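Student: When you get a sec, could you give me coordinates for this:
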Amino acid sequence: MASKKKVCFQVLDAYSLFNTTTNYPFGGAEYRAFTFLTELKKLSFDVSAIVRNYGQHLQENYNEIQVYAHPYHTSPEIAAPNYLRRLLSLKWSGKSYENYLKHNAYNIINAGIYCAFEITSATLLLADYCKKNKKQFYLFIASDGEVSYGKLMPTSKEIIKQVIDSAEKIFVQNNTQLKNLKVIFGKEGILIKNPIDLSRNESNPVKEYDFLWIGKSNIIKRPELFTALAKQLSHYRFCMLMNVSDKRIHEEILKQKPGNLTVIEYLNLNETEELLKKTKIFVSTSLLEGFPNTFLQAGKFKIPVISMLINPDNFLTEHNCGLYIGDDLSKLTLASEQLINDSSLYNLLSTNIYNYVLKNHEAGQITKTLAGHFA
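Tutor: Presented below is the predicted three-dimensional model:
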């Protein structure tokens, strides 16, 4: 019998998707990777993940997915003692110990294909390992900014270029990324739409919130605009699921939030979906995304989207799945009032976004397409 193909995903901030008793923040890239791993396992791949080291066991098993804690990529809580340990070890044993920390997790896993789900210095480390050890390195683009030469990205242009040049295959989320990858970097991409697990959508609870926002407290997600919207529409119920990112912005939102706005700082995946079920409308204020998984999760529960700047492949407008209104708070306010009060429009957009997601993003079918590129 032929052995299973071994595929490993490096997705450092995904640990809480596996270990649901923890509360480390995760985002769309992590959900995307987790969903692909879950589905690839069903297709008889030998799958594993490399996550950040929070002090957990170096190897754990979650539903037949091996999850490895990387000894080099650590959480802030254990970074300082690890740094001191590295300095002492380097003094005693030289650069060899540093290289051991960087590469040993990859050696233990010994996969044939290694995949990364964002471009950072950690991704460059993985690409370097794959090159030196003749392993296949595949890259999943996480944001439009990664293929727009670092637009609004914290990662340097040099690292972005090095990682993209190192990848044997590059998977993108939308046609904008496909085009920019070719025009800016001269590389051919493979369009694989983001997957969404469409199970667990049978219940229809009472709507506790009129408007929901999900994201991190940073300058790209712009939570302050949703806070301003809540102040403008004080007679409606607002909720934010806001993970801590920029502490200054986070504290300012908590300080300035109006009484009709509930802020939740962390939920696991199942809890997030329960929150979505209880919401009427999803609002996006982001400056930059890829294809937001929050849009797909909204579609799963027939929740229309109001978006200021994000409309990947024009799906909101072409398929009539939501309202795309531009970077104008007054227009956001008007659109929000219109949609919440116009039941005919709401029902139309609700039906359309569900049908669009069902047709284009069902996890099982999307993953079968991806699996063909791993053959």
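Student: Any stretches of the stretch 151-300 of the chain with poor pLDDT?
Tutor: Counting by pLDDT under 70, the ranges of the stretch 151-300 of the chain that qualify are 151-152, 201-203.
Student: again, only this time at 80
Tutor: Within the stretch 151-300 of the chain, the segments meeting pLDDT under 80 span 151-155, 200-205.
Student: All the helices of it, residue numbers only.
Tutor: Using DSSP state H, counting those that start in this stretch, the helices found in the stretch 151-300 of the chain span residues 157-166, 175-185, 223-232, 247-256, 269-277, 293-300.
Student: looking at these, which is buried most?
Tutor: Among these, ranked by average contacts under mean count of other CB atoms under 10 Å, first place goes to helix 293-300 (a mean of 25). The way it works is simple: take the backbone N, C-alpha and C, and place the C-beta from them, glycine included.
Student: got the helices of the stretch 151-300 of the chain as a markdown table, with distance to Cys239 columns?
Tutor: Shown next, in a markdown table, are the helices of the stretch 151-300 of the chain (distance: least, CB to CB, whole Å):
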| stretch | distance to Cys239 |
| --- | --- |
| helix 157-166 | 35 |
| helix 175-185 | 30 |
| helix 223-232 | 9 |
| helix 247-256 | 13 |
| helix 269-277 | 7 |
| helix 293-300 | 13 |
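Student: Just tell me which of those helices ends up closest to Asn19.
Tutor: Ranking these by proximity to Asn19 (CB to CB) places helix 269-277 first, at 11.7 Å.
Student: tilt between the closest one and helix 293-300?
Tutor: Put simply, helix 269-277 runs at 60 degrees to helix 293-300, going by axes from the mean of the first three to the mean of the last three CA atoms, to 10 degrees.
Student: which other helices and strands contact helix 269-277?
Tutor: Contacts defined by 3 or more CB pairs under 8 Å, 6 or more residues apart in numbering; DSSP states H and E place helix 269-277 against strand 209-216, strand 238-243, helix 293-300.
Student: for these, which one sits closest to Glu39?
Tutor: helix 293-300 (14.4 Å).
Student: Show me what the strand or helix carrying Ile366 is packed up against.
Tutor: Using DSSP states H and E, Ile366 falls within helix 363-372. Judged by 3+ CB pairs under 8 Å, 6+ apart, helix 363-372 is in contact with helix 28-42.
Student: List of residues touching the helix it packs on?
Tutor: Residues outside helix 28-42 that contact it (CB atoms under 8 Å, 6 or more residues apart in numbering): 7, 9, 11, 13-14, 17-18, 47, 49, 63-65, 115, 117-118, 140, 142, 194-197, 269, 289-290, 292-294, 363-364, 366-367, 370-371, 374.
Student: can you rerun that using 6 Å?
Tutor: Contacts to helix 28-42, defined as CB atoms under 6 Å, 6 or more residues apart in numbering, come from residues 9, 11, 13-14, 17, 47, 64-65, 117-118, 142, 194-195, 197, 292-293, 363-364, 367.
Student: Buried members of these into PyMOL, please.
Tutor: Buried members of the contacts of helix 28-42 can be picked out in PyMOL with the line below, counting by 16 or more other CB atoms under 10 Å:
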select buried, resi 9+11+13+14+17+47+65+117+118+142+194+195+197+292+293+363+367
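Student: so of the contacts of helix 28-42, which ones are in strands?
Tutor: 9, 47, 65 (DSSP state E).
Student: Just give me the closest of these to Ser330.
Tutor: Closest approach to Ser330 among those (CB to CB): Phe9, at 42.6 Å.
Student: correct me, but Leu139 touches Ser166?
Tutor: No: using CB atoms under 6 Å, Leu139 makes no contact with Ser166, being 8.0 Å away.
Student: re earlier: rebuild the ones in strands among the contacts of helix 28-42 as JSON lines, extending it with pLDDT.
Tutor: Shown next, in JSON lines, are the ones in strands among the contacts of helix 28-42 (pLDDT from 0 to 100):
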{"residue": "Phe9", "pLDDT": "98"}
{"residue": "Val47", "pLDDT": "97"}
{"residue": "Ile65", "pLDDT": "97"}
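Student: what would these look like in a markdown table with distance to Leu254?
Tutor: Formatted as a markdown table, those follow (distance: CB to CB, whole Å):
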| residue | distance to Leu254 |
| --- | --- |
| Phe9 | 34 |
| Val47 | 39 |
| Ile65 | 35 |
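Student: from those, which is closest to Asn104?
Tutor: Using CB to CB, the ones in strands among the contacts of helix 28-42 come closest to Asn104 at Phe9, 17.7 Å.
Student: and for the helix holding Ile366, what are the contacting residues?
Tutor: So helix 363-372 is contacted by 35-36, 39, 43, 192-193, 195-197 (CB under 6 Å, 6+ apart).
Student: what does the average pLDDT come to for that helix?
Tutor: Averaging pLDDT along helix 363-372 gives 97.
Student: Now it: buried residues?
Tutor: Quick answer for helix 363-372 (16+ other CB under 10 Å): 363, 366-367, 370-371.
Student: you'd agree Leu349 is up against Ile306?
Tutor: No: with contacts counted by CB under 6 Å, Leu349 stays clear of Ile306, the gap being 9.5 Å.
Student: could you redo the helices and strands packed on helix 269-277 as JSON lines and give each row distance to Glu318?
Tutor: Output for the helices and strands packed on helix 269-277, formatted as JSON lines (distance: least, CB to CB, whole Å):
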{"stretch": "strand 209-216", "distance to Glu318": "24"}
{"stretch": "strand 238-243", "distance to Glu318": "28"}
{"stretch": "helix 293-300", "distance to Glu318": "14"}
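Student: between the ones you listed, which one is nearest to Thr227?
Tutor: Nearest to Thr227 among the helices and strands packed on helix 269-277 is strand 238-243 (7.8 Å), distances taken as CB to CB.
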